[in-house]
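> Generate coordinates for the sequence data below:
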Amino acid sequence: MIPDTVFQLANLSILPAWLLMFVAPGTTLTRYVVYSYIYPIALGILYIGLLAFTFQTGSGDFSSLEGVKQLFSSEWAVVLGWVHYLVFDMFIGSWELQDSRKLGISHWLVLPCLFFTLMLGPIGLLLYLLLRGVKTGRWSR
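Numbers count the residues shown, from 1 in each chain. Just a heads-up that it's a prediction; the model follows:
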């Protein structure tokens with residue numbers, strides 16, 4: 001498979017889970033598909049495969065910006081990095097949804113947080129944590 005195909009498949013694969021989180025947060029299907037962590041596990045397995053494949057021939061390291069740029073100089077390495085984002089954004093979105101339901105926070109208020117978690121992960125998490133704090137007074141676990 002070419003990197004672009006893997007990238008497209010990974011992107012498309014997450015859409016059903018995100019759609020369930022947006023429109024059907026309390027259904028049995030959402031609990032099975034999203035809360036069971038099937039997606040992060042499947043994408044995590046893909047990540048391990050990409051990692052083994054990508055860094056066998058790569059150079060670079062995590063000790064400098066130049067080293068990181070070298071690590072991500074191949075298309076496969078960029079796909080690897082993207083899958084990394086997909087896994088963590090999905091996990092965080094799932095946690096936000098479960099936590100908000102447990103705390104009784106309206107799904108309508110959580111929707112923007114989920115959107116930003118999908119599109120700009122850390123911003124969505126920050127918005128949810130602020131919402132959670134304001135609505136419940138809980139600023140920590």
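> Every contact and neighbour count from this point should use C-alpha atoms.
Will do.
> next helix or strand past the host helix or strand of Tyr32?
Using DSSP states H and E, Tyr32 sits in helix 28-33. Once the chain leaves helix 28-33, the next helix or strand it forms, by DSSP H and E, is helix 38-54.
> How about the contacts made by the residue nearest the centre of the chain?
Geometric centre of the chain, nearest residue: Asp89, 1.8 Å, by Cα atoms, centre = their mean. With contacts defined as Cα atoms under 8 Å, 6 or more residues apart in numbering, the neighbours of Asp89 are Thr117, Leu118, Gly121.
> Could you single out the nearest of the residues you listed to Gly133?
Among these, Thr117 lies closest to Gly133 (Cα to Cα), at 17.2 Å.
> For the closest one, which non-adjacent residue is spatially closest?
Leaving aside its sequence neighbours, Thr117 sits nearest to Gly124 (Cα to Cα, 6 or more residues apart in numbering; 3.9 Å).
> just checking, that neighbour touches Leu114?
Yes: if you go by Cα atoms under 8 Å, Gly124 and Leu114 touch, sitting 6.2 Å apart.
> Tell me which residues of the lowest-mean-pLDDT helix or strand in the chain come out buried.
Within the chain, no helix or strand scores below helix 65-71, which has a mean of 84 by mean pLDDT, DSSP states H and E. Using 16 or more other Cα atoms under 10 Å as the test for burial, helix 65-71 gives Gln70, Leu71.
> Run the angle between the strand or helix carrying the residue nearest to the centre of the chain and helix 38-54 for me.
Using DSSP H and E, Asp89 maps to helix 75-103. With axes from the mean of the first three to the mean of the last three Cα atoms, to 10 degrees defining the directions, helix 75-103 sits at 160 degrees from helix 38-54.
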